[in-house]
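Asker: Starting from these lines, generate the structure:
(one chain, ligands or ions: 1)
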Amino acid sequence: MTIAQTETGLARLMKERRSVHQFESREVDVGLVEELLDTSVWAPNHRLTQPWRFVLVRGEGRRRIADIARRNAEKRESDPAKRAELGQTFYDRFMNVPLILVVVMSENPNMAVREEDYAAVSCLIQNFSLLAWEQGIGLVWESYPLLTQTEFRDTLGIGLGERAVASLHMGYPAKVPPAQPRIPASERLTIVDTP
Ligand SMILES: Cc1cc2nc3c(=O)[nH]c(=O)nc-3n(C[C@H](O)[C@H](O)[C@H](O)COP(=O)(O)O)c2cc1C
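Answerer: Numbers count the residues shown, from 1 in each chain. Here you go, the predicted structure:
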């Protein structure tokens with residue numbers, strides 16, 4: 001039987017998962033997030049370096065990030081009449097995300113190991129995304145410039161030798177975007193079976 005004929009469980013979850021940007025205000029249970037993370041760490045990881053840690057930002061904690069986003073936006077706007085409004089828009093954008101999970105990777109001094117570590121962290125994030133989706137929780141992997149900004153890093157205690165790989169904006173979806181079709185891998189497959 002092919003996967004298409006038996007499409008349930010994991011295959012279905014993979015295809016139906018979407019990056020979600022709009023959330024209900026409903027909170028996500030921190031205990032559940034911990035549980036999902038404890039499962040996600042079973043990602044493949046060469047040398048078992050386990051290079052990850054996590055910063056969970058919620059409730060009033062979100063103000064730390066929202067305030068920085070507001071200041072950034074205000075700095076970009078030269079028109080004083082529009083400045084406050086733009087700042088508020090960016091502030092609200094962060095305050096409307098129920099839970100922000102920053103995935104932090106320790107940067108191995110060996111660049112080959114570091115690259116493999118980034119791959120392992122990515123596997124972990126995909127594990128987590130699928131497990132969350134299974135629980136009805138949506139998220140989007142955000143890789144915005146904030147992640148490298150000193151103010152952002154300092155307020156979340158991200159130190160030297162650490163990389164903020166992703167900011168996962170999470171919550172119960174208010175809106176699930178339509179799927180963006182993928183090119184079948186079979187069209188990109190080269191089979192080598194001759195000497
Ligand atoms: C490394 C990485 C970085 C991403 N960064 C962003 C981002 O900064 N903002 C965003 O909206 N989506 C980001 N995404 C999500 C992709 O845009 C999204 O997966 C893609 O549009 C396909 O949509 P789907 O996940 O709903 O299938 C990122 C995904 C990955 C793997």
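Asker: Would you mind giving the secondary structure of H169?
Answerer: Under DSSP: H, G, I helix; E, B strand; the rest coil, H169 falls in the strand class.
Asker: Test my guess that it contacts I100.
Answerer: Yes. Counting by Cβ atoms under 8 Å, H169 touches I100, with 5.8 Å between them. Backbone N, C-alpha and C define where each C-beta goes, glycine included.
Asker: and P109, how far is that from G161?
Answerer: According to Cβ to Cβ, to the nearest Å, P109 and G161 sit 8 Å apart.
Asker: what does stretch 126-142 rub up against?
Answerer: 10, 13-14, 16-21, 23, 28, 32, 36-37, 39-40, 42-43, 101, 125, 166-173, 176 (Cβ atoms under 8 Å, 6 or more residues apart in numbering).
Asker: coming back round to it: comparing P109 and G161, which residue is more hemmed in?
Answerer: Shown here are P109 and G161; by other Cβ atoms under 10 Å, G161 has more neighbours (10 against 7).
Asker: Where does the closest residue in space to D92 that isn't next to it in sequence sit, in terms of helix or strand?
Answerer: Leaving aside its sequence neighbours, D92 sits nearest to A66 (Cβ to Cβ, 6 or more residues apart in numbering; 7.7 Å). Using DSSP states H and E, A66 sits within helix 62-76.
Asker: Quick one: the helices in the protein, in order.
Answerer: 9-16, 30-40, 62-76, 80-95, 111-134, 150-155 (DSSP state H).
Asker: count of neighbours near the closest residue to S19 other than its chain neighbours?
Answerer: With Cβ to Cβ, 6+ apart as the measure, V140 is the residue that lies nearest to S19, at 4.2 Å, once sequence neighbours are left out. Burial of V140 is recorded as 19 neighbouring residues (other Cβ under 10 Å).
Asker: Return the set of residues that bridge with V140.
Answerer: Listed beta-bridge partners, V140: H169 (assigned using DSSP bridges).
Asker: where does the chain come near the ligand, residue by residue?
Answerer: Within the chain, the positions lying close to the ligand (Cβ under 6 Å from any ligand atom) are R18, S19, V140, W141, E142, S143, Y144, Q180.
Asker: Tell me which residues touch the second one, please.
Answerer: Shown in contact with S19 (Cβ under 8 Å, 6+ apart): G138, L139, V140, W141, P177.
Asker: Brilliant, that's me finished.
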